[in-house]
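> pasting a predicted model and its sequence here:
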Number of protein chains: 2
Amino acid sequence: MQRRNELSKQIGAIKQKLKIDVKDEKVEQDIRTFISKLSNEIGIDPDFAGRLLNILLAESLRLQLNEHHDSIQFESHLAVFMKAKKLESSGKKIIHMEVGEPDYPPPESVRKALSGVFESRQYHYSETKGITKLRTSIAQTIGNHVTTDKVIVTPGGRFAVFAAITSLLTAGDELICIEPAWPAYRECAAFVGSTTNILKTTLDEEWSPNIKKLESMINGNTKMIALNYPNNPTGRILNKKIMEKIVSLAKDHRIYVLSDEVYRDYVFTEFTSVLEYGYEKSIVISSFSKGHAMTGFRVGYAIAEENLIDKMAKVQATALTSVAEPMQYAALAAIADSSAENAKRIKRRLEIISDKLREMSLRFVRPDGAMYIYPELGIGKSDVEFVQKALDLGVAVAPGSGFGDCYTQFIRISACQPDDQLEKGLELLKAAICSC
Amino acid sequence: MQRRNELSKQIGAIKQKLKIDVKDEKVEQDIRTFISKLSNEIGIDPDFAGRLLNILLAESLRLQLNEHHDSIQFESHLAVFMKAKKLESSGKKIIHMEVGEPDYPPPESVRKALSGVFESRQYHYSETKGITKLRTSIAQTIGNHVTTDKVIVTPGGRFAVFAAITSLLTAGDELICIEPAWPAYRECAAFVGSTTNILKTTLDEEWSPNIKKLESMINGNTKMIALNYPNNPTGRILNKKIMEKIVSLAKDHRIYVLSDEVYRDYVFTEFTSVLEYGYEKSIVISSFSKGHAMTGFRVGYAIAEENLIDKMAKVQATALTSVAEPMQYAALAAIADSSAENAKRIKRRLEIISDKLREMSLRFVRPDGAMYIYPELGIGKSDVEFVQKALDLGVAVAPGSGFGDCYTQFIRISACQPDDQLEKGLELLKAAICSC
């Protein structure tokens, strides 16, 4: 009877935990210990029991993260973009410094490719991993001993992230994410019922992760660490020493490294791809969206060992058969074109923005790459309130909390507008800050 | 002590079941009864306990289905296509009657649309649900009181299926699928850890589902029934009376109806869309791939109540942001074009194939629609062995078991070749059958 009461109590605790506070690590540890004891007592394999618990916790977390994610999405840069579009349709003029979409066109070669698609009948189902010519061209462009069989072409970098995470992680597994970051990694993890553990970084640390903290977060369930450098939203690139330490930790614990390098064409300092560390459990994500200004074509790719590419290909086959063939030919046409001019343009614009932000005495880290600056507001208002105020004045920026819950004192400014528009937009931002 | 032994024994049975025979319904029922009793005894909510069991069973099933799916994939029409391509690259001539991809081009309007995309700058991120103009045009074309907010544009019909199943089903839920059918439904269910229960139909029943059997398969965990008419591979369309019964069963049990109507443009008899029954939990899938011969453009769509479309849009936002904008404009250009000529062409070809199969004394049901005929081989060899023999002779067809495990005495013949090629291909098939 006593045992039965104890059981009920403990199960009650599990249920409470599932409903109320999934992030209380003390309670979680207590439950794990209890489950482990119980499974020994009744003769179940403790791994089996632990997995059972993990799946339940993850299921519950997934639901909570999804709900939570709704509230984040509502305040994301996309939500701001939608609000801005609505204001514009009612006649208001808005300067768009919220979205990460180049204002300049794709290479001219793409125009010709599109015009030739119909005649060349390049509009059929293609191989699941993408047309061979494109995969080979990508491999050659990347170098680093990458061969065709290590490349999969996906509908945008986002689907490459989705395929990597959903094929390698399952319910009960854990992902480590260094924030601030693009929210896609934790969204994809939540989709399969995996938990995301956040390693926070701060402006004072210059957005550099604390390796000791990172190490302490790794446990038996940790399956992957997501890196995003040049970083969206901070523009930070990690130096080689830190990268080496992260990859070395991953190697020691047999953890996948997902390295989202979509901004590798916008780099103003030294940048080392994860590929250079030769770790067989790393997956590099890239895309034609940013470097070649081809966002709407939805052509991205992943580079990894063939066995990982095969797993991702299965997800792609299940979800969407293959990538639109005309878009693959457009990417193939673009790949020979240099994106150096685009990088120069963005670098100059980021300098314009930096100068202005310094005038306004806002704190930020000078970006090493990417297309954004992530300044601290230093005002009484939250990012979301501030963004609304700025919108009222005619400039759209992204709230900082879209890249990590705790960054409610930050905004992301995107350099994807012509110089004169940026300057006008910054004046409006200044006015918004002064009025706070 | 006795109780503890009993527990161990039962848990042993669960583990056995998870590993060995997940489809033994007697064992499954025993375990359910035991879990229900146990949960009452120790004071857990039986629903909670049942869900726990379901998640575990589904997890295990998912792994098994995936493994199983590998073996099916290996013998699918795509695998045959790959083998055929390999033979061709070594100089052999192969007639392709295995894949469901029109040999005729998309409408001419698509050529113009593609050439105009660059100039019109129609290459940006679009709304998650698709560009409004296309959604509105689809709504207008479909009729049946469909409005823009009930439409989501997806990268192919397959992603619409994926988004519907992964947003509405979760681990532990059950999908009912009437076979033979396109394997995508059960593949997507397996992806989220849901179980697929198969309602088998036979040639003798003229591929019509037994409604009593269907009803007996529905339980508290049943969340969705997948319909695929005009059917791939049989070409069968269900009559209105049977459709009414199915929708009525679904209504009674509050089950989603996923109706894949991608072949609705290829219909040679009366066809009633599920939309006409006005059931708010139905989701219709369609695509530009078949009717407009636009397979490689990857533009499909789903039609459902707005709350369901919103859920699917969340999956789309998580997995791939939006559909390639140039492809959406190509579809928009094509939508005004009639697919009546394509339907006539396929009907004529199916008649050519039917005549020939009758000469060969093969049994089959005359197709009411779609692009295929699914004859019974009536030979000593399995479908897979036969397909290999046919390939050696120079004609590729799809093995019947790719559309349901038990159909190893069937093949699927596709009408996507010019008449003269079809006739040659059928001669080769005849030779293959005679040699068996």
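Now that the structure is in, tell me what you want to look at. Numbers count the residues shown, from 1 in each chain, chains lettered A, B, ... in the order given.

> quick one: contacts for A:E270?
Shown in contact with A:E270 (CB atoms under 8 Å, 6 or more residues apart in numbering or on different chains): A:I237, A:N239, A:K240. Where you see a C-beta, it was placed from the backbone N, CA and C, and this is true even at glycine.

> near chain B, which residues of the stretch 51-200 of chain A are found?
Contacts of the stretch 51-200 of chain A with chain B, taken as CB under 8 Å from any CB of the partner chain, map to A:52, A:55-56, A:59, A:73, A:99, A:101, A:105-106, A:110-111, A:114-115, A:117-119, A:121-126, A:155-156, A:158-159, A:162, A:166, A:170-171, A:184, A:187-188, A:191, A:193.

> low pLDDT regions in chain A?
Applying pLDDT under 70 to chain A flags the ranges A:1-30, A:32, A:35-36, A:38-39, A:41-75.

> how close does the residue most central in space within it get to chain B?
Closest to where the C-alpha atoms of chain A average out (CA atoms, centre = their mean) is A:W182, at 3.5 Å. Look at A:W182 and chain B: by CB to the nearest CB, to the nearest Å, they are 11 Å apart.

> nearest spatial neighbour of that residue, skipping sequence neighbours?
A:N232 (4.8 Å; CB to CB, 6 or more residues apart in numbering or on different chains).

> what's the distance between the one you found and A:F410?
Distance of A:N232 to A:F410, computed by CB to CB, to the nearest Å: 13 Å.

> name the residues contacting each of the two.
By CB under 8 Å, 6+ apart, A:N232 and A:F410 have these common neighbours: A:F403.

> so which residue of the stretch 301-436 of chain A comes closest to chain B?
Of all residues in the stretch 301-436 of chain A, A:E325 sits closest to chain B, at 3.8 Å by CB to the nearest CB.

> that residue contacts A:Q122, correct?
Yes: with contact defined as CB atoms under 8 Å, A:E325 and A:Q122 form a contacting pair (5.3 Å).

> surely A:L258 forms part of a strand?
Yes: under DSSP: H, G, I helix; E, B strand; the rest coil, A:L258 falls within a strand.

> for it, which non-adjacent residue is spatially closest?
Nearest non-adjacent residue to A:L258 (CB to CB, 6+ apart): A:A226, at 4.7 Å.

> so where does that neighbour fall, helix or strand?
Counting by DSSP states H and E, the element that carries A:A226 is strand A:222-227.

> domain map for chain A?
A:2-71, A:75-100+A:340-434, A:108-334 (automatic domain parsing).

> can you put those domains in JSON lines and add distance to B:A396?
Listed next are the domains of chain A as JSON lines, based on distance: least, CB to CB, whole Å:
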{"stretch": "domain A:2-71", "distance to B:A396": "42"}
{"stretch": "domain A:75-100+A:340-434", "distance to B:A396": "45"}
{"stretch": "domain A:108-334", "distance to B:A396": "15"}
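
> find residues that contact each of A:E325 and A:Q122.
With CB under 8 Å, 6+ apart as the test, A:E325 and A:Q122 both reach B:G296.

> more crowded one of those two?
A:E325 (24 against 19; other CB atoms under 10 Å in any protein chain shown).

> got a list of what that one touches?
A:E325 neighbours (CB under 8 Å, 6+ apart): A:Q122, A:Y123, A:H124, A:Y125, A:S126, A:I131, B:G296, B:F297.

> among those, which are in helices?
Using DSSP state H, no member of the contacts of A:E325 falls within helices.

> now that we have these, which one has the most neighbours?
Of those, with other CB under 10 Å as the count, B:F297 tops at 31 neighbours.

> now the nearest residue to it once chain neighbours are set aside: how far from A:A396?
Distance criterion CB to CB, 6+ apart; nearest residue to B:F297, sequence neighbours excluded, is B:M327 at 4.7 Å. Note on B:M327: its distance to A:A396, by CB to CB, is 27 Å.

> shouldn't A:I373 be in contact with A:G235?
Yes: with contact defined as CB under 8 Å, A:I373 reaches A:G235; the gap is 6.5 Å.

> can you give me the helices for the stretch 1-150 of chain A?
Remark: helices assigned in the stretch 1-150 of chain A by DSSP state H, counting those that start in this stretch are A:2-19, A:25-42, A:46-74, A:77-89, A:108-116, A:132-142.

> just the stretch 251-400 of chain A next, same as before
A:306-320, A:325-334, A:340-359, A:383-393.

> tell me the most buried of those helices?
helix A:325-334 (a mean of 26; mean count of other CB atoms under 10 Å in any protein chain shown).

> the residue nearest to A:L258 pairs with what?
Under DSSP bridges, the beta-bridge partners of A:A226 are A:C177, A:L258.

> residues contacting it?
A:A226 sits next to A:L175, A:I176, A:C177, A:I178, A:A181, A:Y185, A:L258, A:D260 when contact means CB under 8 Å, 6+ apart.

> swap the cut-off to 6 Å and go again
For A:A226, the contact set (CB atoms under 6 Å, 6 or more residues apart in numbering or on different chains) comprises A:C177, A:Y185, A:L258.

> go on, A:P183?
Counted by CB under 6 Å, 6+ apart, A:P183 has zero contacts.

> tally of neighbours for A:S361?
By other CB under 10 Å, the residues close to A:S361 number 8.

> what about it, distance to A:K430?
The gap separating A:S361 from A:K430 is 10 Å, by CB to CB.

> ok, now A:A390?
Counting by CB to CB - A:A390 and A:K430 are separated by 10 Å.

> could you do A:L362 as well?
Distance from A:L362 to A:K430, by CB to CB: 10 Å.

> who has more neighbours, these two?
Neighbours per residue (other CB under 10 Å) separate A:L362 from A:K430, with A:L362 holding more: 21 against 17.

> name the nearest residue to the more buried one, ignoring sequence neighbours.
Nearest residue to A:L362 in three dimensions, chain neighbours excluded: A:P375, at 4.1 Å (CB to CB, 6+ apart).

> what does stretch A:410-420 rub up against?
A:97, A:100-103, A:233, A:346, A:349-350, A:353, A:371-374, A:376, A:383, A:397-398, A:400.

> hmm, back to that, hang on, the residue nearest to A:W182 in a strand?
No: per three-state DSSP, A:N232 lies outside any strand segment and is coil.

> ok, it - how many residues close by?
27.

> what does A:L134 give?
27.

> now swap in the one 10 residues further on and tell me
For A:N144, the neighbour count with other CB under 10 Å is 13.

> go ahead and confirm it touches A:G278.
No: using CB atoms under 6 Å, A:N144 is not in contact with A:G278, being 8.6 Å away.

> so how many other residues sit close to A:S216?
Neighbourhood size, A:S216 [other CB under 10 Å]: 10.

> who are the contact partners of it?
Listed by CB under 6 Å, 6+ apart, A:S216 has no contact partners.

> Three-state assignment for it, please.
Per three-state DSSP, A:S216 ends up helix.

> how about A:Y104, nearest residue that isn't a chain neighbour?
A:A293 (5.4 Å).

> next one: the one you found from A:I433, what distance?
30 Å.

> how about A:K314?
From A:K314 to A:I433 the distance is 50 Å (CB to CB).

> my guess is the residue nearest to B:F297 contacts B:G300, does it?
No: using CB under 6 Å as the test, B:M327 is too far from B:G300 to be in contact (10.6 Å).

> can you list residues touching both of these two?
Both B:M327 and B:G300 lack any common contact, where contact means CB under 6 Å, 6+ apart.

> around chain B, pick out the residues from the stretch 201-350 of chain A.
A:T295, A:G296, A:F297, A:R298, A:T318, A:A319, A:L320, A:T321, A:A324, A:E325, A:M327 (CB under 6 Å from any CB of the partner chain).
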